[in-house]
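**Student:** let me see the structure of the following:
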Amino acid sequence: MGNSRGRLAVLAVSALALAGAGCGEERQDADAPSGEFDVQVTDASFPAKQRIAEPTTLKLEVANRGDRAVPNLAVTVETQPGEDGQAPAAFGQDEDNPTLADSKRPVWIVDEGPAGGESAYTNTWAVGPLGQGQTRTVEWKVTAMQTGRYTVGWRLAPSLEGDVKLADGRTNGEFVVTIADAPVPARVDGDGDVVRGEEAGR
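**Tutor:** Take a look at the predicted model:
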């Protein structure tokens, strides 16, 4: 009889522990951000005309116009697919070649993305909190690799999790870019260094 009571006590404690664990998981969601955040892009730039092998920068100036901090500013960048039904990529497009291990063909090589911005979300960079009244520059240094005409879209999010939304304002947009195959002008300066973007004789 004593052993039966002991086993019942152990089962009761275990059940309470499991219930507590379940409650703990629910409390994790309680910490997720929620509500509306007034964050918007005040300036956006990406050259409309580019050349193969020419380094350039996609830049967004993001401002927090709201009355509270943005928990974890996230920016998604997607290049419009070359064909309907294909998944968008950040700085590339799908290649219809079944022999390739990776079907994504880079249109631009990302030389340097936003510092510490890598995330588990496809085509999305999370750059951290943005305090009330603060402004941050988010930029990608890239080099064009494929000729053609491309549409690159971007959009903001105040967090990667939680029930959040954005207030009215400039929170998304796109660039239409033409990449030409003409070589980038270059010259050798007096020190023997190659200066790109300037023709010889200047």
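
**Student:** and W125, which of the three is it?
**Tutor:** Following DSSP: H, G, I helix; E, B strand; the rest coil, the label given to W125 is strand.

**Student:** for it, list the residues it contacts.
**Tutor:** Residues near W125 by C-beta atoms under 8 Å, 6 or more residues apart in numbering: 74-77, 113-114, 117-119, 138. Using the backbone N, CA and C atoms, a C-beta is placed for each residue, glycine as well.

**Student:** of all those, which comes closest to K165?
**Tutor:** K165 has its nearest neighbour among the contacts of W125 in A74, at 13.2 Å by C-beta to C-beta.

**Student:** which residues does the closest one bridge with?
**Tutor:** A126, A157 (DSSP bridges).

**Student:** thought V127 was touching it, still the case?
**Tutor:** Yes. Between A74 and V127 there is a contact at 7.4 Å, judged by C-beta atoms under 8 Å.

**Student:** what's the overlap in contacts for the two?
**Tutor:** Contacts common to A74 and V127, judged by C-beta under 8 Å, 6+ apart, are absent.

**Student:** burial measure for P33, as a count.
**Tutor:** If you count neighbours by other C-beta atoms under 10 Å, P33 ends up with 17.

**Student:** where does it land on pLDDT?
**Tutor:** Here, the pLDDT recorded for P33 equals 86.

**Student:** among the contacts of W125, name the ones in helices.
**Tutor:** Assigned to helices by DSSP state H, none of the contacts of W125 qualify.
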